[in-house]
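**Q** next one to model:
(one chain, ligands or ions: 1)
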Amino acid sequence: MPPSLDPETKGRCTLSTNRPLTARTTYDLSFSRLPDDPFVKPIWDNQAQVKCKIFLWTTHKRRIFTNERRAQRGLAASARCPFCSSDEDVEHLFLRCAEVATIWHTFDLDEQQIASLPQLEGVWDIPPPGQPATPRVWRTILLAVMWNIWKGRNNKVFNSVDEPATLVLRCCASDIDLWSHRCKNAESKQQLRNWASYLSVINS
Ligand SMILES: [Zn+2]
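**A** Numbers count the residues shown, from 1 in each chain. Predicted coordinates for the structure are as follows:
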């Protein structure tokens with residue numbers, strides 16, 4: 001429906017339903033007819049900070065600046081991964097690079113299975129191994145892993161610092177512990193703390 005001017009609202013632009021034309025209504029008008037993205041929950045329904053959720057949304061849209069994307073835009077001379085000779089796209093960076101195999105193995109996940117996933121989003125279909133985790137807790141943990149792989153990769157690219165997998169995992173533990181304070185559900189909070197403790201102990 002096209003917006004119309006309503007004299008009752010002193011000329012403010014409104015919809016024919018008398019809903020003010022806010023950012024929310026504009027968004028609803030623009031996107032309400034599009035199908036829901038099945039990856040909405042992993043991105044937004046977790047305990048991570050907003051900046052991390054936006055990072056995952058950007059990754060899901062394949063808009064993070066991997067070397068492949070940077071090279072396509074003339075921002076890098078090569079699409080090569082900073083850790084190996086393969087091209088660095090999203091799937092390579094988070095799933096297939098030998099650099100991340102240890103990280104997935106630490107979570108008791110089959111690194112070969114992880115590496116063979118056709119897309120990054122497939123990781124969220126794998127149930128949590130070992131310790132208990134509600135779906136929301138597991139989504140939080142997976143986002144901590146992705147976030148810290150990305151930060152470790154950027155430290156290598158921009159600061160020439162090599163972060164060993166143990167350091168990446170300790171950073172994951174620190175983030176998971178921090179994010180547990182945002183959790184209102186006591187059971188979920190305890191699960192996050194247990195995972196943080198587990199990652200800290202095995203990487204100390
Ligand atoms: Zn690599």
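**Q** number of nearby residues for residue 32?
**A** A count of neighbours around residue 32, defined by other C-beta atoms under 10 Å, yields 8. For glycine as for every other residue, the C-beta is placed from the backbone atoms N, C-alpha and C.
**Q** ok, residue 56 next?
**A** With other C-beta under 10 Å as criterion, residue 56 counts 23.
**Q** got a pLDDT number for the closest residue in space to it that isn't next to it in sequence?
**A** Leaving aside its sequence neighbours, residue 56 sits nearest to residue 43 (C-beta to C-beta, 6 or more residues apart in numbering; 4.9 Å). Reported pLDDT at residue 43 in the predicted model: 97.
**Q** what does residue 103 give?
**A** Looking at residue 103, the pLDDT reads 94.
**Q** so it is in which element?
**A** Using DSSP states H and E, residue 103 falls within helix 98-106.
**Q** look up phi and psi at residue 80.
**A** Note on residue 80: backbone dihedrals following degrees, to the nearest 10 are phi -70, psi 140.
**Q** dump the residue contacts of it.
**A** 67, 86, 87, 88 (C-beta atoms under 8 Å, 6 or more residues apart in numbering).
**Q** could you list the contact residues of the chain toward the ion?
**A** Residues of the chain found near the ion (C-beta under 5 Å from the ion) are 81, 83, 84, 97.
**Q** contacting residues for the third one?
**A** Counting by C-beta under 8 Å, 6+ apart, residue 84 makes contact with 97, 98, 99.
**Q** mind listing the helices for this structure?
**A** Applying DSSP state H to the chain gives helices spanning 23-31, 40-44, 50-60, 67-72, 90-91, 98-106, 111-116, 135-159, 165-180, 186-202.
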